[in-house]
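Participant: Following is a predicted model, sequence given first.
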Amino acid sequence: IRTSSELKWKAVGRIPAHFCGVYGHKPTLELASTDGFQPGPWDGAPGFPMDLGVVGPLARDASDLALALGAIGGPNGQAAKAWSWRIPPSHRKRLKDFRIGYVLDDAIAPVASDVGLLYENVVAELRRAGANMTCGWPEGIEPRRQLETYLYLLFAFFSFDVSKEQLGKQRARLEQDPSDISAAAVVEPHGRWLRETRRRLGFRALWQKYFEQYDVFLLPAGFSAAFPHDHSEPLEHRVIETPEGKRPYLGMPLWTCFATLAGLPATVAPIGRTKAGLPVGIQIVAPMWEDGTSIEFASLLADAVGGFIEPDLFRE
């Protein structure tokens with residue numbers, strides 16, 4: 001299956017799972033230690049503090065996600081002296097008992113029609129199973145504002161050690177276009193990072209309030225299925241072909257930003273293939289620390305729409 005190495009880091013297993021027809025899980029922020037998640041050999045030195053990034057498993061079955069998370073989750077090193085952790089079990093054990101919110105298309109990153117057909121089928125099957133379904137963004141959630149904060153924090157992380165030459169170029173870009181988020185992340189002071197971080201925590205609070213009434217929230221994992229590698233530089237020149245025409249490459253991770261920004265657990269489950277035979281996954285977001293809920297939902301969803309399908313080449 002065709003994929004992209006740049007997108008793998010940004011989506012922590014969700015876009016790779018979506019592209020490859022397997023299950024993937026982004027754990028709650030800081031649930032799984034990122035110690036040593038850097039080029040080796042690791043000497044025990046601390047890595048960078050993470051306000052977005054996590055590490056998580058990929059698997060061919062949702063139950064294996066829970067098994068892997070049980071192994072990698074919880075305290076690490078000295079912290080293990082003070083506290084322990086277990087995966088909280090899901091409160092729901094049947095699809096029809098889940099209270100489900102969803103947004104499976106939006107102008108923020110319109111979903112390609114071949115992928116959208118599979119998402120429509122998921123909604124239809126969940127309704128057929130008797131699940132409580134509500135379409136629409138949670139109250140107070142403004143997708144574009146969340147995206148702006150996400151992009152600022154993401155670019156700030158990637159550009160913390162730019163050279164003086166690069167800093168000068170980014171400052172010129174920002175002077176020309178004050179709305180240039182990637183340039184602002186390089187140029188603007190720590191105070192901007194603090195303001196955006198406060199917004200990030202505010203968005204988390206809104207999602208957690210929403211999950212007092214809902215169990216999971218469904219989102220696309222990406223706006224298209226897998227695509228051929230494109231190493232055009234700079235990145236903003238890369239494009240993805242869809243049935244509706246070319247789309248910007250950098251738009252692919254936008255659907256994963258909501259769970260990432262709020263630090264929420266999110267599981268991707270395979271839901272079928274496009275007419276071209278490419279896998280598609282759906283993203284299942286759950287309340288913070290309730291990773292078991294999104295994983296359980298992914299497992300149950302396989303009974304309604306099918307789960308992992310072994311590629312033909314596996315049998316040759």
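Facilitator: Cool, the structure landed. Numbers count the residues shown, from 1 in each chain.

Participant: Please make it C-alpha for all contacts and neighbour counts, starting now.
Facilitator: OK.

Participant: Next one, pLDDT for the most centrally placed residue in the chain please.
Facilitator: By CA atoms, centre = their mean, the chain has its centre lying nearest to residue 256, at 3.3 Å. Per-residue pLDDT puts residue 256 at 92.

Participant: three-state assignment of it?
Facilitator: helix (DSSP: H, G, I helix; E, B strand; the rest coil).

Participant: thought it was touching residue 223?
Facilitator: No: here residue 256 lies out of contact with residue 223, judged by CA atoms under 8 Å, at a distance of 10.4 Å.

Participant: Would you mind identifying the next helix or strand past the lengthiest helix in the chain?
Facilitator: Ranked by residue count under DSSP state H, the longest helix found in the chain is helix 190-210. Reading on from helix 190-210 to the C-terminus, the next helix or strand found by DSSP states H and E is strand 216-220.

Participant: Give me the residues contacting that following strand.
Facilitator: 98-105, 111, 119, 255, 281-287, 293-294 (CA atoms under 8 Å, 6 or more residues apart in numbering).

Participant: same thing but at 7 Å, please
Facilitator: 99-104, 255, 282-286, 294 (CA atoms under 7 Å, 6 or more residues apart in numbering).

Participant: Residue 78 versus residue 21, what's the distance?
Facilitator: 38 Å (CA to CA, to the nearest Å).

Participant: Those two: which is more packed in?
Facilitator: residue 21 (27 against 8; other CA atoms under 10 Å).

Participant: State the pLDDT value of the more buried one.
Facilitator: 94.

Participant: Name all residues that make contact with it.
Facilitator: Taking CA under 7 Å, 6+ apart, one finds 270, 279, 280, 281, 308 in contact with residue 21.

Participant: Please report phi then psi for the second one.
Facilitator: Backbone dihedrals for residue 279, given as degrees, to the nearest 10, come out at phi -70, psi 150.

Participant: which non-adjacent residue is nearest it?
Facilitator: residue 273 (4.3 Å; CA to CA, 6 or more residues apart in numbering).
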